[in-house]
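Colleague: A predicted structure for the sequence below; I have some questions about it.
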Amino acid sequence: SAVISQKPSRDICQRGTSLTIQCQVDSQVTMMFWYRQQPGQSLTLIATANQGSEATYESGFVIDKFPISRPNLTFSTLTVSNMSPEDSSIYLCSVRGLYTEAFFGQGTRLTVV
Amino acid sequence: DAKTTQPPSMDCAEGRAANLPCNHSTISGNEYVYWYRQIHSQGPQYIIHGLKNNETNEMASLIITEDRKSSTLILPHATLRDTAVYYCIVRTPLGDSNYQLIWGAGTKLIIKP
């Protein structure tokens, strides 16, 4: 298993500002992902964080809005840019091997006011 | 779109077995069935997965029908701590030795004293 630490655990932000969420894993992992979970909803994949290259975004998500970094095999950041109230969600970091089960961080609960 | 359908909610008495059904009638031969759960305010937690055979671990048992079109997650002795949203997911392989998990709405399981 992998232990994932996400920071911050929650934040309240003003609209128009940006927030960077950090994900630290206690071991080297092949795959890292960022998910969004809107209130009362299921998980939606935002992007795959690729080590040393640009992230791979899912349909409906763009780099300008959700820039992602992954400088090494144990760390990634997701930035939510130019926030609006619609961005209020839980953002989750997930890691796994190629064919192993996925592990999740505790999530970052973001409220935009 | 999610390849699974689950009842939106279920109740179970504490100490009894909780049986959570899942339909995946369009599942392909190389797609696994995964179960995760999400306790309130936490990230999803892996429970169990299977391909064809029934599986059991320290958390639960997974019963897959012979035609693989449905499955049941069994929590043998449910406790109040098992109250959570349970997600049944089909693991879909991608062409580059990768796979994706598409999350459906899940079943909200409430364990009652």
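Modeller: Arrived safely, thanks for sending. Nothing here was measured: the structure is a model prediction, and the numbers come from that model. Numbers count the residues shown, from 1 in each chain, chains lettered A, B, ... in the order given.
Colleague: Every contact and neighbour count from this point should use C-alpha atoms.
Modeller: OK.
Colleague: buried set for the helix or strand bottoming out on mean pLDDT in chain B?
Modeller: Every helix and strand in chain B was compared by mean pLDDT, DSSP states H and E; the lowest is strand B:98-101, with a mean of 82. Buried residues in strand B:98-101, counted by 16 or more other Cα atoms under 10 Å in any protein chain shown: B:99, B:101.
Colleague: Skipping adjacent residues, who's closest to the residue in chain B positioned nearest to chain A in space?
Modeller: Residue nearest to chain A within chain B (Cα to the nearest Cα): residue B:43, separated by 4.4 Å. With sequence-adjacent residues excluded and distances taken as Cα to Cα, 6 or more residues apart in numbering or on different chains, residue B:43 is closest to residue A:106, at 4.4 Å.
Colleague: Which secondary structure elements does the least confident helix or strand of chain B sit against?
Modeller: Under the contact definition 3 or more Cα pairs under 8 Å, 6 or more residues apart in numbering or on different chains; DSSP states H and E, strand B:98-101 sits against strand B:84-94.
Colleague: Return stretch B:63-73 as CSV; C-alpha atoms alone will do.
Modeller: Taking Å, rounded to 0.1, in the frame of the first residue of the first chain, the C-alpha atoms of stretch B:63-73 are listed here in CSV:
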residue,chain,number,x,y,z
ILE,B,63,-19.2,-12.9,-5.6
ILE,B,64,-19.3,-12.7,-9.4
THR,B,65,-21.9,-14.5,-11.4
GLU,B,66,-20.9,-17.0,-14.0
ASP,B,67,-21.9,-14.8,-16.9
ARG,B,68,-20.0,-11.9,-15.2
LYS,B,69,-22.9,-9.6,-15.7
SER,B,70,-23.4,-8.8,-12.0
SER,B,71,-21.6,-9.1,-8.7
THR,B,72,-22.2,-8.8,-5.0
LEU,B,73,-20.0,-7.4,-2.4
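Colleague: Name the surrounding residues that touch it.
Modeller: Residues outside stretch B:63-73 that contact it (Cα atoms under 8 Å, 6 or more residues apart in numbering or on different chains) are B:18-27, B:35, B:50-55, B:60-62, B:74.
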